[in-house]
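# could you work out the structure for the sequence below:
(one chain, ligands or ions: 1)
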Amino acid sequence: MRRKLAAGNWKMNGTAAALSELVELARQVTPADAETLICPPAPLLYPACDKLRGTAIAIGAQDCHAQPAGAFTGDISAGMVADTGATYVILGHSERRDLHAETDADVAAKAGAAWGAGLTAIICIGESGEDRTADRTLDVIAGQLAGSLPDHATGENTVIAYEPIWAIGTGKTPTLDQIIEVHDFIRARLTGRFGQQTGDAIRLLYGGSVKPDNAAEIFTAENVDGALVGGASLKAADFAPIIKALSRA
Ligand code: 13P
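This next block holds a predicted model:
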């Protein structure tokens, strides 16, 4: 049985004042709920871990560098992320692939660094609207999966997030059948490459315009083990109902 995971990606949103939302979320989420994770901007990693110690909410970063240290102005290493108390790191988000030209090989190198620091990597993949229209979705997913995921992935060190780019921040979501098709495809690829046991243990999240009113339907899909949520994770009032829907699924 894969443990469900509700992950919030705050992107470049939130200052110290937003920590109160985390405290409120921690008040509503219990250990009996789905595993819950918030990935705030890097300056909030230390205070967020501090505030949430002893609660049911874990903290993660939104990126890390592949190298352990050095002359990389503005970057943070996986070891630095782990030092804050964070336990997860999002890698290869489409915004980083698009706006920072990250390649599959970059993402794979970062995943290796994350594992080395004891972090669980949430590796993001997903097709553009153009890919979807041209019926290239599964080819794109297969390529990203093969290139971004190093060997030695396990259910403990890796989570895959399927985020169709055209669904991110748009209010558009794929149909349930489209979500099922892609998640079943990813599962088959993982079991094909890593074997049945490991392939079955890696959790698959759906991301892209997940909201309190569409979450329950998305979570009915067998190979959807949770969600990676952007906008609706910023407020406890929006994220808590999504976590509760996942906990009931
Ligand atoms: P939205 O939930 O705001 O569409 O963002 C999804 C996302 O990119 C999470 O990583």
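
# can you check the pLDDT for the residue in the chain that the ligand sits nearest to?
Here the residue of the chain nearest the ligand is Gly230; by C-beta to the nearest ligand atom that distance is 2.3 Å. C-beta here means a position set from N, CA and C on the backbone, and glycine is covered the same way. pLDDT for Gly230: 98.

# against Arg96, how distant is the closest residue to it other than its chain neighbours?
Leaving aside its sequence neighbours, Gly230 sits nearest to Asn9 (C-beta to C-beta, 6 or more residues apart in numbering; 5.3 Å). In this view, Asn9 and Arg96 are 11 Å apart by C-beta to C-beta, to the nearest Å.

# more neighbours, the two?
Under the neighbour definition other C-beta atoms under 10 Å, Asn9 and Arg96 were set side by side, and Asn9 has more, 26 against 18.

# got the phi and psi for the more buried one?
phi -110, psi 110 (degrees, to the nearest 10).

# what sits against Thr173?
Going by C-beta atoms under 8 Å, 6 or more residues apart in numbering, Thr173 touches 167, 179, 208-210, 214, 218.

# what about the helices in the chain?
Under the criterion DSSP state H, the chain contains helices at 19-28, 45-52, 78-83, 94-99, 104-116, 129-133, 137-148, 176-194, 196-201, 215-218, 236-248.

# shouldn't the residue nearest to Gly230 be in contact with Asp63?
No. With contacts counted by C-beta atoms under 8 Å, Asn9 stays clear of Asp63, the gap being 10.6 Å.

# please enumerate the shared neighbours of those two.
Common neighbours of Asn9 and Asp63 (C-beta under 8 Å, 6+ apart) are 90, 93.

# tell me the residues of the chain that contact the ligand?
Within the chain, the positions adjacent to the ligand are 9, 93, 163, 168-169, 207-210, 228-232 by C-beta under 6 Å from any ligand atom.

# pull the most distant pair out of those.
With C-beta to C-beta as the measure, no two of the residues of the chain next to the ligand lie farther apart than His93 and Ala232, at 16.3 Å.

# neighbour count for the two, which is higher?
Shown here are His93 and Ala232; by other C-beta under 10 Å, His93 has more neighbours (28 against 20).

# what pairs with the residue nearest to the more buried one when sequence neighbours are not counted across the strands?
Leaving aside its chain neighbours, His93 sits nearest to Cys124 (4.7 Å; criterion: C-beta to C-beta, 6+ apart). Beta-bridge partners of Cys124, counted by DSSP bridges, are Ala161.
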